[in-house]
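Engineer: Structure, please.
(2 chains)
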Amino acid sequence: MGPPTTTTSEPVATVGAEVAGLSPPAGNAPSASRHRPRVRLLLSYVVTVLLLITLNFFLPRAMPGDPIDALTTEGTPSYVQDEAVRSEIREYYGLDRPLLTQYGGYLAGLARGDLGVSIRYNVPVTDLVKERLPWTVLLISSALAIAVAGGWAAGVHSAWRRGRGVDRTLMAAFLALHSFPVFFVASVAVLVFSVKLGWFPLSGSRTPFSRATNPLWWALDVGRHLVLPANVLALNFVTSQYLTMRASLVGELGSDYLLLGRAKGLPERRLKYRYAGRNALLPVVTLAALHLGFAVTGSILVETVFAYKGMGRLVFEAVSFRDCPTLAGCFLVLTFVVLTLNFLVEGLYSRLDPRIAA
Amino acid sequence: MTPRPALVSPLTVLGSGLVGAVLVVAVLAPLLSPFDPRELTGDALEAPSGRHLLGTNNIGQDIASQLIWGARMSLSLAVGAAGLSVAIGLLVGVTAGLLGGLLDVVVLRTIDVVLALPRLPLLVLVGALAGAGRVTLILVIALLTWPVIARLVRSQTLTLRRRGYVIAARGFGGGLGYVARRHVVPALAPILVTGFVAIASNAVLLEAALAFLGLSDPTAVSWGLVLNRALNHPGIYYTSAWAWWLLPAGFAITLTVLGFAFLGGGLEPVFNPRWQRGATA
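Structural biologist: Okay, the predicted model is just below:
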């Protein structure tokens, strides 16, 4: 018996990669979930969601003063001078009641889908989220598709020629790519492709004030606005896709089926993409889902640069107006969506791959 | 046993060169910068000249000086956040690994929960509520990243605990505290160094992203804030100012992050035991 290491069977994952989000967080890693009972997974998920909700409730209240102070002090758009009016507002929102009562009311509200009212727009935050969330979903899913496709092709090629010049060049290029801040890449992309070349619109998610009578025209318009942001966002996490694909395919290289295929005289291209490429795909697909958290971070920044009308832009607008209810609502919705998808993917993982279902 | 990779690889040299350069600029900022970064020393949007190496911004501040002082902000934040995060991770990881039992279970669950939180949205929320001062950012980044270190430290500690020399030390009556100090912590140095570098680079990016979103002490001088001001300037893309206002700040951030990434990438094979077990794929 060797030393009891827990890590020998895992692919080489570096500390650096883990912090930078290049490898999946091991708490949610597929390799770990195989051995983890479903119940514990569910429990961990529920605790995380509860923690988030609690955090969202207590954070504003843990700050000096109270939420009303934060919203009505001098310099904010919603400044209230009169102390009596302030205490009335405080009473109206129930902020003078005990903390636990407030917490109960908050949970009850959440259960009804009540996220509070936006200070800037004076409409329920839930309505804002309903309007913006589809755009972010569109942006992130297109970006993920591009990143998976690009990372897959480059990863297969790199692994096939591992250790050679192509492999090293690709590796260095992808690592360098990962170091560019996404908002910087985004603004350079606007400069080059929209301003200098004029290929794509400067900003927005569709042409304002346009009345789409023709669905085809509408789809084209949305697509044209989507190209730049989706590609920039894809660049943000294509590196992790590439690294995972490369590692996964290197693991396939010694397989019997490849040897047999070669013996049968199958063409190299077919072996490379149809055989090895397909068998090594699973970790990449899983990673794409588990990386949604990073996609959300990226989309906040990308949407801000492109004035893309999604959740990220909403977060940015809420920040500039110190619109705390909207900000807290966005935070809760985004993290909740990410956690739920992570949980579902983790649960589904073993069903996706028949080889580990046992 | 594969031979130990050379300590001085090209990556390490390149990485420490880049990080070293930023460090020198940050330390010598008062000597290097031609102007006070907050002072209005020229006309609005002056093109680069002998007097203003990178021109001026929309209110006439010297951009080169802002970038030089910005290095201070980025680096101090990175070092502070990474230092604190490694310290917490080390403490929690070693304690959980050596004591085991219920504490270990609680620590593992906590790690899972904290790692599941998306970092930027949470930072934005805290920044908007509590203000995005340097100390706040250091605290929050450290609180969000320590689990990465703690998990690695814990699993290393578990394997170290079974090594002969540690068992011997325990057998001769060495207490847990003694074993931790004398045997465990020194053996963990590689993880701590690479973890420090990785978190530092992540902190630089996070600070820049927050300042870019407009969450920053408005009187501070930082790279992200330069980008934020430049992009909020109406019509920045239609003047030539982007070339000296937008690009240099973006490259400053990129080169710093790249420097940390190279340093980490170069050090990892030397330090990480997993790379030496024939994992040369």
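Engineer: residues near residue 240, how many?
Structural biologist: In the absence of a named chain, chain A is used. When neighbours are defined as other C-beta atoms under 10 Å in any protein chain shown, residue A:240 has 25 of them. C-beta here means a position set from N, CA and C on the backbone, and glycine is covered the same way.
Engineer: meant chain B, my bad for not saying
Structural biologist: Neighbours of residue B:240 using other C-beta under 10 Å come to 11.
Engineer: One more: residue A:118?
Structural biologist: By other C-beta under 10 Å, 24 other residues sit near residue A:118.
Engineer: again, but for the one 3 residues further on
Structural biologist: Here the number of neighbours of residue A:121 (other C-beta under 10 Å) works out to 16.
Engineer: And the one 4 residues further on, by the same measure?
Structural biologist: Each residue near residue A:125 was counted by other C-beta under 10 Å, and the total is 25.
Engineer: Contact residues of the stretch 151-300 of chain A facing chain B?
Structural biologist: Listed as neighbours of chain B in the stretch 151-300 of chain A under the rule C-beta under 8 Å from any C-beta of the partner chain: A:162, A:175-176, A:178-181, A:183-184, A:187-188, A:190-191, A:194-195, A:202, A:247, A:250-251, A:293-294, A:296-297, A:300.
Engineer: ok, for residue B:93, nearest residue in space, not its chain neighbours?
Structural biologist: residue B:153 (2.8 Å; C-beta to C-beta, 6 or more residues apart in numbering or on different chains).
Engineer: next one: phi and psi at the one you found?
Structural biologist: When read as degrees, to the nearest 10, the backbone of residue B:153 gives phi -60, psi -40.
Engineer: Quick check: it touching residue B:95?
Structural biologist: No. Using C-beta atoms under 8 Å, residue B:153 is not in contact with residue B:95; the gap is 9.6 Å.
Engineer: Check what pLDDT residue B:256 gets.
Structural biologist: The score at residue B:256 is 90. That number is its pLDDT.
Engineer: Buried ones in the host helix or strand of it, by neighbour count?
Structural biologist: Assigned by DSSP states H and E, residue B:256 falls within helix B:247-271. Neighbour-count burial for helix B:247-271 flags B:247-250, B:252-254, B:256-271 (criterion: 16 or more other C-beta atoms under 10 Å in any protein chain shown).
Engineer: can you check stretch A:125-138 too?
Structural biologist: Buried residues in stretch A:125-138 (16+ other C-beta under 10 Å): A:125-126, A:128-129, A:132-133, A:135-136, A:138.
Engineer: okay, and the helix or strand of chain A with the least pLDDT?
Structural biologist: helix A:30-33 (a mean of 44; mean pLDDT, DSSP states H and E).
Engineer: so after it, what's the next helix or strand?
Structural biologist: helix A:38-62.
Engineer: near chain B at all, that following helix?
Structural biologist: Yes. Helix A:38-62 is in contact with chain B by C-beta under 8 Å from any C-beta, via A:44, A:47-48, A:51-52, A:56, A:59-60.
Engineer: buried sites along stretch B:150-162?
Structural biologist: B:150-161.
Engineer: try stretch B:229-248
Structural biologist: Those would be B:229-231, B:233, B:236-237, B:241-242, B:244-248, for stretch B:229-248 by 16+ other C-beta under 10 Å.
Engineer: State the mean pLDDT of that stretch.
Structural biologist: Stretch B:229-248 carries an average pLDDT of 76.
Engineer: That stretch spans what distance, first to last residue?
Structural biologist: 13 Å (C-alpha to C-alpha, to the nearest Å).
Engineer: near chain A, from the buried residues of helix B:247-271?
Structural biologist: Within these, those near chain A by C-beta under 8 Å from any C-beta are B:247, B:250, B:253-254, B:257-258, B:261, B:264-265, B:268.
Engineer: got those residues as CSV, with distance to residue A:111 columns?
Structural biologist: Formatted as CSV, these follow (distance: C-beta to C-beta, whole Å):
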residue, distance to residue A:111
B:247, 49
B:250, 45
B:253, 42
B:254, 45
B:257, 42
B:258, 47
B:261, 44
B:264, 45
B:265, 48
B:268, 47
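Engineer: The helix or strand encompassing residue A:344 near chain B anywhere?
Structural biologist: Applying DSSP H and E as the criterion places residue A:344 in helix A:324-352. Yes. If you take C-beta under 8 Å from any C-beta as the test, helix A:324-352 does meet chain B, through A:324, A:327-328, A:330-331, A:334-335, A:338-339, A:342.
Engineer: Sort out which residues of the longest helix along chain A are buried, please.
Structural biologist: Longest helix of chain A, by residue count under DSSP state H: helix A:215-252. Of all the residues in helix A:215-252, those buried under the rule 16+ other C-beta under 10 Å are A:221, A:225-252.
Engineer: tell me which strands and helices the helix or strand that residue B:65 is a member of is in contact with?
Structural biologist: If you go by DSSP H and E, residue B:65 is part of helix B:63-99. Contacts defined by 3 or more C-beta pairs under 8 Å, 6 or more residues apart in numbering or on different chains; DSSP states H and E place helix B:63-99 against helix B:10-27, helix B:29-32, helix B:101-116, helix B:134-161, helix B:176-179, helix B:185-212, helix B:223-232, helix B:247-271.
Engineer: Select from these the stretch with the lowest mean pLDDT.
Structural biologist: helix B:29-32 (a mean of 77).
Engineer: counting contacts, what elements does that helix pack onto?
Structural biologist: helix B:63-99.
Engineer: Could you give the average pLDDT over the helix it packs on?
Structural biologist: Rounded mean pLDDT across helix B:63-99 is 89.
Engineer: buried stuff in it?
Structural biologist: Here helix B:63-99 shows B:63-75, B:77-82, B:84-86, B:88-90, B:92-98 as buried, counting by 16+ other C-beta under 10 Å.
Engineer: The helix holding residue A:344 vs helix B:101-116, what angle?
Structural biologist: For helix A:324-352 against helix B:101-116, the angle by axes from the mean of the first three to the mean of the last three C-alpha atoms, to 10 degrees is 110 degrees.
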